[in-house]
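>>> got a sequence here, can you build the structure:
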Amino acid sequence: PKAIIIIAVLTAVFLLGTGGALAFSAEVGSEYEINDAGRIVYGPGDGGYSNSKTTDLGDGMGERYSYCIQPDRDTPVSGKVTVKKVIGNKAAPGEWCAIRKVVYYSPSYPGYEDNVKDIRESFYTGDFATDWGIAHLAMSYLYAGCPEDMDTYIGTKASDLGKVWVSAKKLGNEMMKSGTVWDDPLPLNFEVLISSVGSYQSMAVGHMEQPGTFMIIKKSSLENVSKGNGHYSLNGAEYKILNGRSEQVAAVVINSSGKSESIELPPGDYTVIETKAPSGYALDKTVYSMSIESAGSTTLETKDTPVTAKIDLLMKKIPEGFDGDHGEGDATLKGAVYRFSYLDKNGEAVKTWHFVTDEKGKINGTEPSFAKGLKNDELYRNSDGEVVFPIGKYKVEEIEAPEGYIKDQSEMTMEVTEDGTGEVYTGAVVTAESHEMIIRGGFEILKVDAQLNDIVPQGNASLKGAAFAVVNKSDAEVFIGGEMFKTDEKIMTIYTDEKGKASAEGLPYGTYSVYEEAPPEGYMPDETWEQTFKIRKDGETVDLTEKKIGEKVKRSGIQIVKLDGELLRSEAMGGASLDGIKMTVRNLSKNPILVRADLDNKEDKVDWNDAKQLDILLKNGKIRLAAPGEDVGEITVRWNEEKKAYTAETLDDDLPYGKYGIRETKTNDTYQRTDKAEHVIELKEEGKLYSFDNGH
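Model prediction:
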């Protein structure tokens, strides 16, 4: 048989001064009667059936099954069984709590009969006997500690039952979980009694605590929330009173002191239902029953629950321009301090808290972290000790920004309102959002000619166009120009201008490095220069120009081959000689050049990379600065035995990148100076000796 059960009492009630007989107490040690309800077959063999038992505990639920939960033992005989354990709504998560839920969702109990949350489609088959077996085995599975398999009757195994056993474990395992859709529907006053008699199987039966009422005294179940709070009032709550035939016979209204008027009713059994919740309170869905006896007086004390919110997320920080749930660059979303002020109806602060954000810039409402060193009031909590937030407005102010961000000066609010459902916990919550601007800055670098130590290039070289890579060295990615750049990823390339300067702006709070990718025209790259810097102040430009990027200009040499004008080769006719002819080199470049003072001095080697030596040589006149259009120096033609030709040459690093004029300025005694033209040559490669033929 199946019993269709109507419940339910959801809050605690207290009977004061009742004159009627007490119902079944449902306490440890109390007894109740079980009756045979026939064999229920849900599988093959000796382990595939049970001799079911039913009972009526006089709690308004009617007849329901008392399930055996040790299938390897004999079924208890009809008669009295003793309650050994009571599992109420306060049961900790685990097997006991899961057994309570399974019983509620089993055949003959409300969860199954009303198909709460589509329980049948989720775990059952629709066949009563099979469903009964699934529920029975699920309770037994949990009671045994969730074994992989389980002994049933006369040496059989639960696994022999196939899909029934699989479904039972599935049901049991799901009910083991907390915080699921299966938790909320259980009435708070629904409990499961674990009973036994002798060596027979233990049994599990559901029981509904049924208090009674007469005159109503209403209180708040959370005085810490509602007392002195203008958002809550008990005034105006309404109740209807029904007789045993479900006919309304009276109605009462609660006044501001939380009491109803006294009314006279004929003897009998009655049901009391709240039809209108007072302002700020959840509708009491408890169905109260009471017995009125002649000359008796019964008072029902009820507690309405103030509507509050369980808020997972009190506030979240939204970094502007950064699509991430953590700090950008070296910045962090952790550690921001926000002041939350709960306001009364006049806008005055009732309570104030200072909360701190976590790594993701969030403030968790279930157990928010307090800021140290600041005053904080006690949090509001429900009867289970959970943090709740009363209805009303909350002023939110950021009083300390986290590292790397600018404090949000905007006005923020959080609001909790009743959502109209009449439930204890409202879903109408406006979460505060804080839009955070990260600290941004930039940097500037300076490239100079290493030998001149100046922003003036040599020859035809240029300081413009040197390419520098900027790399993210921060702890996290940065968002620049619409793109996300990870740690150690190149962000951008910047280029120097005519004066050797390059800069970048808008870099988020973080750590960066900059190095040269490519030199400008006429210079050798500086592979040793790399700078790491940090952006720490908003609008700051980090000055990296003190460590100048001094690059060596490309330097080359010139070899002038003198030709006999008639022979057209580097040989002299007859007794003539090409030795001693003077050739002058002139600077035809745009800029000055630093050169040796005596181009003919092949022994006076200059280390163009040694700035200190260059400074000494310049003071001593060993090197000099030749302006555009100015003669650089003379080269004397000398006989070269190895080459069998008359040649003259500079050292291969004498002349900077640029354009030069070469002309004969003095001949010897054997030749006439017939070539008076200035010949042009361009030097562009580092360390190369350029050869130039000059006929005579």
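
>>> show me what the longest helix seen in the chain is packed against.
Determined from DSSP state H, the single longest helix within the chain is helix 128-143. Helix 128-143 makes packing contacts with strand 31-41, strand 49-56, strand 67-68, helix 95-104, helix 163-176 when contacts are defined by 3 or more Cβ pairs under 8 Å, 6 or more residues apart in numbering; DSSP states H and E. Bear in mind the C-beta positions are built from the backbone N, C-alpha and C, glycine included.

>>> and those: which comes nearest residue 369?
When the helices and strands packed on helix 128-143 are compared by Cβ to Cβ, helix 95-104 sits nearest residue 369, at 28.8 Å.

>>> for the closest one, C-alpha coordinates in CSV please.
Provided in CSV are the C-alpha atoms of helix 95-104 (Å, rounded to 0.1, in the frame of the first residue of the first chain):
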residue,chain,number,x,y,z
GLU,A,95,25.3,8.9,6.0
TRP,A,96,22.7,10.0,8.7
CYS,A,97,21.7,13.1,6.9
ALA,A,98,21.5,11.2,3.7
ILE,A,99,19.3,8.5,5.2
ARG,A,100,16.9,11.3,6.3
LYS,A,101,16.7,12.6,2.8
VAL,A,102,16.3,9.1,1.3
VAL,A,103,13.4,8.4,3.6
TYR,A,104,11.7,11.7,2.7
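
>>> distance from the chain centre to whichever strand or helix holds residue 479, please.
Counting by DSSP states H and E, the element that carries residue 479 is strand 478-480. Computed by Cα atoms, centre = their mean, to the nearest Å, the chain-centroid distance of strand 478-480 equals 17 Å.

>>> so that it lines up with my notes, have the first residue be 145 from now on.
In the new numbering, first residue 145, that becomes strand 622-624.

>>> what is that strand packed up against?
strand 627-629, strand 634-639, strand 645-652.

>>> switch the cut-off to 7 Å
strand 645-652 (3 or more Cβ pairs under 7 Å, 6 or more residues apart in numbering; DSSP states H and E).

>>> now the strand it packs on: buried residues?
645-648, 651-652 (16 or more other Cβ atoms under 10 Å).

>>> any stretches of this structure with poor pLDDT?
Scanning the chain for pLDDT under 70 picks out the ranges 145-167, 332-333, 353-358, 409-411, 437-440, 707-721, 783-791, 816, 818, 838-840.

>>> what comes into contact with the longest helix of the chain?
By Cβ atoms under 7 Å, 6 or more residues apart in numbering, the surrounding residues in contact with helix 272-287 are 146, 184-187, 194, 211-215, 239, 242-243, 246-247, 250-251, 267-269, 294, 302, 308-309, 311-313, 315-316, 348.

>>> restricted to buried residues, select these in ChimeraX.
The following ChimeraX line selects those of the contacts of helix 272-287 that are buried, judged by 16+ other Cβ under 10 Å:
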select :184,186,187,194,211,212,213,214,215,239,242,243,246,247,250,251,267,268,269,294,302,308,309,311,312,313,315,316,348
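
>>> element containing the residue nearest to residue 260 when sequence neighbours are not counted?
With Cβ to Cβ, 6 or more residues apart in numbering as the criterion, residue 260 has its nearest non-adjacent residue at 4.7 Å, and that residue is residue 329. For residue 329, there is no host helix or strand (DSSP H and E).

>>> please look at residue 329 and residue 259 and confirm they touch.
No - in this structure, residue 329 is not within contact of residue 259 by Cβ atoms under 7 Å, at 10.9 Å.

>>> more neighbours, these two?
A direct count of neighbours by other Cβ atoms under 10 Å for residue 329 and residue 259 places residue 329 higher, at 17 against 14.

>>> from residue 168, how far out is that one?
24 Å (Cβ to Cβ, to the nearest Å).

>>> same check, this time on residue 467
Counting by Cβ to Cβ - residue 467 and residue 168 are separated by 61 Å.

>>> that older thread, so what are the sheet partners of the strand holding residue 623 and their directions?
The pairing partners recorded for strand 622-624 under DSSP bridges are strand 627-629 (antiparallel).

>>> for residue 443, list each beta-bridge partner.
Going by DSSP bridges, residue 443 forms beta bridges with residue 160, residue 359.

>>> number of residues surrounding it?
Counted with other Cβ under 10 Å, residue 443 comes out at 19.

>>> would you map the strands across the stretch 545-694 of the chain?
Listed in chain order, the strands of the stretch 545-694 of the chain (DSSP state E, counting those that start in this stretch) span residues 549-550, 556-561, 572-574, 576-582, 584-593, 611-616, 622-624, 627-629, 634-639, 645-652, 654-662, 674-679, 685-687, 693-695.

>>> export these to JSON lines and append columns for distance to residue 322.
Below are the strands of the stretch 545-694 of the chain laid out as JSON lines (distance: least, Cβ to Cβ, whole Å):
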{"stretch": "strand 549-550", "distance to residue 322": "37"}
{"stretch": "strand 556-561", "distance to residue 322": "25"}
{"stretch": "strand 572-574", "distance to residue 322": "22"}
{"stretch": "strand 576-582", "distance to residue 322": "28"}
{"stretch": "strand 584-593", "distance to residue 322": "45"}
{"stretch": "strand 611-616", "distance to residue 322": "43"}
{"stretch": "strand 622-624", "distance to residue 322": "39"}
{"stretch": "strand 627-629", "distance to residue 322": "38"}
{"stretch": "strand 634-639", "distance to residue 322": "47"}
{"stretch": "strand 645-652", "distance to residue 322": "41"}
{"stretch": "strand 654-662", "distance to residue 322": "42"}
{"stretch": "strand 674-679", "distance to residue 322": "46"}
{"stretch": "strand 685-687", "distance to residue 322": "53"}
{"stretch": "strand 693-695", "distance to residue 322": "63"}
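
>>> tell me the most buried of these?
Each of the strands of the stretch 545-694 of the chain was scored by mean neighbour count; the highest is strand 693-695, a mean of 24, by mean count of other Cβ atoms under 10 Å.

>>> now that one: how far from the chain's centre is it?
Going by Cα atoms, centre = their mean, where strand 693-695 is centred and where its chain is centred differ by 44 Å.

>>> what pairs with that strand, parallel or antiparallel?
strand 584-593 (parallel).

>>> the strand it pairs with vs strand 634-639, what angle?
Per axes from the mean of the first three to the mean of the last three Cα atoms, to 10 degrees, the angle that strand 584-593 makes with strand 634-639 is 40 degrees.

>>> what sits against residue 822?
Neighbours of residue 822 in contact, by Cβ under 7 Å, 6+ apart: 805-807.

>>> among those, which lie within strands?
Judged by DSSP state E, the subset of these located in strands is 805-807.

>>> may I have stretch 382-397 as PDB, with CA atoms only?
Taking Å, rounded to 0.1, in the frame of the first residue of the first chain, the C-alpha atoms of stretch 382-397 are listed here in PDB:
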ATOM      1  CA  GLU A 382      -2.700  37.200   9.500                       C
ATOM      2  CA  TYR A 383      -3.700  33.600  10.300                       C
ATOM      3  CA  LYS A 384      -6.700  31.500   9.300                       C
ATOM      4  CA  ILE A 385      -8.100  28.700  11.500                       C
ATOM      5  CA  LEU A 386      -9.600  25.600   9.900                       C
ATOM      6  CA  ASN A 387     -11.700  22.900  11.500                       C
ATOM      7  CA  GLY A 388     -11.300  19.100  10.900                       C
ATOM      8  CA  ARG A 389     -13.300  19.400   7.600                       C
ATOM      9  CA  SER A 390     -10.900  22.100   6.400                       C
ATOM     10  CA  GLU A 391     -13.500  24.800   6.700                       C
ATOM     11  CA  GLN A 392     -12.300  28.200   7.800                       C
ATOM     12  CA  VAL A 393     -14.000  29.100  11.100                       C
ATOM     13  CA  ALA A 394     -11.900  32.100  12.300                       C
ATOM     14  CA  ALA A 395      -9.100  34.500  11.400                       C
ATOM     15  CA  VAL A 396      -6.800  36.500  13.700                       C
ATOM     16  CA  VAL A 397      -4.400  39.400  13.200                       C
END
